[in-house]
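Peer 1: Below: sequence and its predicted model.
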Amino acid sequence: MKLKLQPASFIKRYKRFLVDVEFQGETLTVHCPNTGSMTNCYETNDEVYISKSENLLRKYPYTLEIIKHNNALIGVNTSIANKLVSEAILAKVDSYFDDIKNIDSEVTFKDYSSRVDFVLTNTKGEKIITEVKNVTLVNNEVAMFPDAVTLRGQKHLSMLIDLSSKGHKTCLIFCVQHESAKTFEPAKHIDSKYALLLAKAKEAGVKIIALKASFAKDCITLNKNIPIIL
């Protein structure tokens, strides 16, 4: 995924969706597109990369995209996770995607009062109900999700488990936007219920995939599958 990025220096995060950075010699307030705690993702004076929106009506034209923390680049914009995953599916980064011929986004499931990120269709005409979760928390090269208790995430897992029990094909993709990650596991110490549900999801037949991002100049790409430990 291409991005037009400009370097800045991290000052502080506040009010959840706002970050102050030093940009071109001045303090600039930028939008932080991440609802999580962003644990282990930043500290004062970290190098960051921001993008500028073409929407002239935005109160804060700039968006925080990447933080360089402890010499590792971290993509903190959760709103681009689905785009990154879509590109990875089309690029067949994992063999599971080899026979995918169509991708439908934001599909509503009325029975669950919910929308799913993707419904994939394979060459056999089978539908694969797919959810995406963005991951930024990494400890000792282990990517972890979630970084805070997630009732929404628990609901999505319960839905996938139920759908699998009814014979549907289901998939959960973790979009790991942290270049130091080597493996993935659930953050049991943060949300033990989510970890239990993830194990149940695997037993129920939900396909679980963790894809890791690489960072190049003005570009983020999910191009590596990393092992999952449950």
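Peer 2: Done, it's in. Numbers count the residues shown, from 1 in each chain.
Peer 1: Quickly list what the most centrally placed residue in the chain is bridged to.
Peer 2: In the chain, the centroid-proximal residue (CA atoms, centre = their mean) is Asn134; its distance is 1.6 Å. Beta-bridge partners for Asn134, by DSSP bridges, are Cys175.
Peer 1: buried set for stretch 123-143?
Peer 2: By 16 or more other CB atoms under 10 Å, the buried positions in stretch 123-143 come out as 128-138, 142-143. Backbone N, C-alpha and C define where each C-beta goes, glycine included.
Peer 1: hang on, the earlier thing: residues contacting the residue nearest to the centre of the chain?
Peer 2: 78, 81, 175, 177 (CB atoms under 8 Å, 6 or more residues apart in numbering).
Peer 1: How about Ser37?
Peer 2: 147-148.
Peer 1: returning to what we had before: where's the residue nearest to the centre of the chain relative to Phe145, distance?
Peer 2: Counting by CB to CB, to the nearest Å, the gap from Asn134 to Phe145 is 8 Å.
Peer 1: Contact partners for the residue nearest to Lys127 when sequence neighbours are not counted?
Peer 2: Excluding its sequence neighbours, the residue lying closest to Lys127 (CB to CB, 6 or more residues apart in numbering) is Val119, at 5.4 Å. Residues counted as contacts of Val119 (CB under 8 Å, 6+ apart) are 103-104, 107, 127-130.
Peer 1: For the protein, give me the ranges with low pLDDT.
Peer 2: Along the chain, no part satisfies pLDDT under 70.
Peer 1: The longest helix along it: which residues count as buried?
Peer 2: Longest helix of the chain, by residue count under DSSP state H: helix 151-165. For helix 151-165, the neighbour count (16+ other CB under 10 Å) marks 153-154, 156-157, 159-161, 163-164 as buried.
Peer 1: give me the element Thr83 is part of.
Peer 2: In this structure residue 83 is Lys, not Thr. In this structure, Lys83 sits in helix 81-90 according to DSSP states H and E.
Peer 1: what residues does that helix touch?
Peer 2: 1, 94, 97, 100, 103, 105, 117-118, 120, 132-134, 173, 175, 177, 211, 213, 220-223.
Peer 1: which element follows it toward the C-terminus?
Peer 2: Next along from helix 81-90, by DSSP H and E: strand 100-109.
Peer 1: strands paired with that next one, and their directions?
Peer 2: Here, using DSSP bridges, strand 100-109 pairs with strand 114-122 (antiparallel).
Peer 1: Buried ones in the strand it pairs with, by neighbour count?
Peer 2: For strand 114-122, burial by neighbour count (16+ other CB under 10 Å) applies to 116-122.
Peer 1: number of nearby residues for the nearest residue to Val149 once chain neighbours are set aside?
Peer 2: Of all residues not flanking Val149 in the chain, Asp191 sits nearest, at 4.7 Å (CB to CB, 6+ apart). If you count neighbours by other CB atoms under 10 Å, Asp191 ends up with 22.
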